[in-house]
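Enquirer: A predicted structure for the sequence below; I have some questions about it.
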Amino acid sequence: MQKNLSLLAGCFVLAFSTGAVAQTTWDLPSAYPASNFHVENLNTFIKDVESLSGGKLKITLHNNASLYKAPEIKRAVQGNQAQIGEILLTNYANEDPVYALDGLPFLATGYPASFKLYQAQKPYLEKKLASQGMMLLYAVAWPPQGIFANKELNKVEDLKGLKWRAYSPVTAKIAELVGAQPVTVQQAELAQAMATGVIDSYMSSASTGYDTKTYEYIKKWYDTQAWLPKNAIIVNKKAYDALDPATQEALKKAGAQAEERGWKLSEEKNKWYQQELTKNGLQIITPTPELQSGMTKVGERMVDEWLERSGADGKAMVEAYRKM
């Protein structure tokens, strides 16, 4: 009897151990709050991964920079401290020109153009990430970028002297070219920076304006439609290779679904975000021709400088985009 009980106990332990080993758990850091549409999309993606993998892969989301701050996430995934993560590509523009492409002002405005730019950029982005031990799972654009400021802006010169939030090398470069004072502030600290007067202006989407309650501090948003930067979901290649083939396919399928859903959601939510900002007292302003022209010239200069830095690959990406 005792022998049978021991045998049963051993079988139970073996079964439990096998079940525990069968499920792989990953951490996914994101810099954005629960209200953000990217995070909404991530939550659906995570559920899809668990469902499609039959429970073999479970991903835990750590949003609002609770695990890593935005600029730290790529390094964490590269080092396998986090197996999967969400990054804003333009945060890494100083690392390689390919990460800067979708942040260049007025190169691609609007969703159709931005998606074409993504198709031109994607092979080079995948190649760069692969060289760093990572892979691209999917990417989704933010809504178009405009300028938040309390000051009346009629021309580019009116931006001079503003305390400008710089969250990436691209936005810091814009500040330099328009004569504003760049101050590095990530999204998780943005509300505090506005409340304490550390910044009084920044360039971002209506989504960021809504998530950070910018309307409590800044009352004007100039809808310049400057660019649509992308968030990318990246995966550590060794962690991916450790999955069985069926789980790999489940992850890729969930990623493809998240990409398609995310682009649609971005466009749909852009209208909703603007409506909510207006309800909360923020004035959405169509830029004057002088301001729009001046910002376009800033963008042209940045594209020219980027092409000089990026060499043959950069030229190939832009040419491919312009032929689409």
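Expert: Sure, I can see it. Numbering: from 1, shown residues only.
Enquirer: which residues does the most centrally placed residue in the chain form a beta bridge with?
Expert: Nearest to the geometric centre of the chain sits Asn231, at 2.2 Å (CA atoms, centre = their mean). Per DSSP bridges, the residues bridged to Asn231 are Leu88, Val140.
Enquirer: and it, what does it touch?
Expert: 38, 86-89, 139-140, 142 (CB atoms under 8 Å, 6 or more residues apart in numbering). C-beta coordinates here come from the backbone N, C-alpha and C atoms, glycine included.
Enquirer: List just the nearest of the residues you listed to Lys252.
Expert: For those, the residue nearest Lys252 by CB to CB is Ala139; the value is 13.9 Å.
Enquirer: how close does that closest one sit to Glu86?
Expert: 10 Å (CB to CB, to the nearest Å).
Enquirer: which residues do the two both contact?
Expert: In contact with both Ala139 and Glu86: 231-233, using CB under 8 Å, 6+ apart.
Enquirer: And the residue nearest to the centre of the chain, how close does it get to Gly103?
Expert: For Asn231, the distance to Gly103 - CB to CB - is 12 Å.
Enquirer: Can you work out which residues contact both of these two?
Expert: By CB under 8 Å, 6+ apart, the residues touching both Asn231 and Gly103 are Leu89.
Enquirer: Confirm that Asn94 sits in a strand.
Expert: No. Counting by DSSP: H, G, I helix; E, B strand; the rest coil, Asn94 falls outside a strand, being coil.
Enquirer: What separation do you get for Ile218 and Glu176?
Expert: Shown here: Ile218 relative to Glu176, a distance of 21 Å by CB to CB.
Enquirer: Now do the strand or helix carrying Ala246: distance to the chain's middle.
Expert: Ala246 is located in helix 245-279, with elements delineated by DSSP states H and E. On the basis of CA atoms, centre = their mean, to the nearest Å, helix 245-279 sits 12 Å off its chain's mean C-alpha point.
Enquirer: just stretch 183-195 next, same as before
Expert: For stretch 183-195 - counting by CA atoms, centre = their mean - the centre lies 17 Å from the chain centre.
Enquirer: again with stretch 160-176
Expert: The answer for stretch 160-176 is 18 Å, by CA atoms, centre = their mean.
Enquirer: tell me how far the ends of it are from each other?
Expert: 9 Å (CA to CA, to the nearest Å).
Enquirer: Alpha carbons of stretch 317-324, in PDB - could you do that?
Expert: The C-alpha trace of stretch 317-324 is given here as PDB (Å, rounded to 0.1, in the frame of the first residue of the first chain):
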ATOM      1  CA  MET A 317      14.900  52.900 -48.400                       C
ATOM      2  CA  VAL A 318      13.800  56.300 -49.400                       C
ATOM      3  CA  GLU A 319      13.900  55.400 -53.100                       C
ATOM      4  CA  ALA A 320      11.800  52.300 -52.500                       C
ATOM      5  CA  TYR A 321       9.300  54.300 -50.500                       C
ATOM      6  CA  ARG A 322       9.000  57.000 -53.200                       C
ATOM      7  CA  LYS A 323       8.400  54.400 -55.900                       C
ATOM      8  CA  MET A 324       5.500  52.800 -54.000                       C
END
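Enquirer: At which residues are the strands of the stretch 101-250 of the chain located?
Expert: With DSSP state E, counting those that start in this stretch as the criterion, the stretch 101-250 of the chain has strands at 134-141, 146-149, 163-166, 181-184, 201-204, 220-222, 230-236.
Enquirer: of all those, which gets the most neighbours per residue?
Expert: Highest mean neighbour count of these: strand 201-204, a mean of 26 (counted as mean count of other CB atoms under 10 Å).
Enquirer: For it, which outside residues touch it?
Expert: By CB under 8 Å, 6+ apart, strand 201-204 touches 142, 145-151, 159, 162-165, 167, 171, 174, 180, 185, 190, 218, 224, 226.
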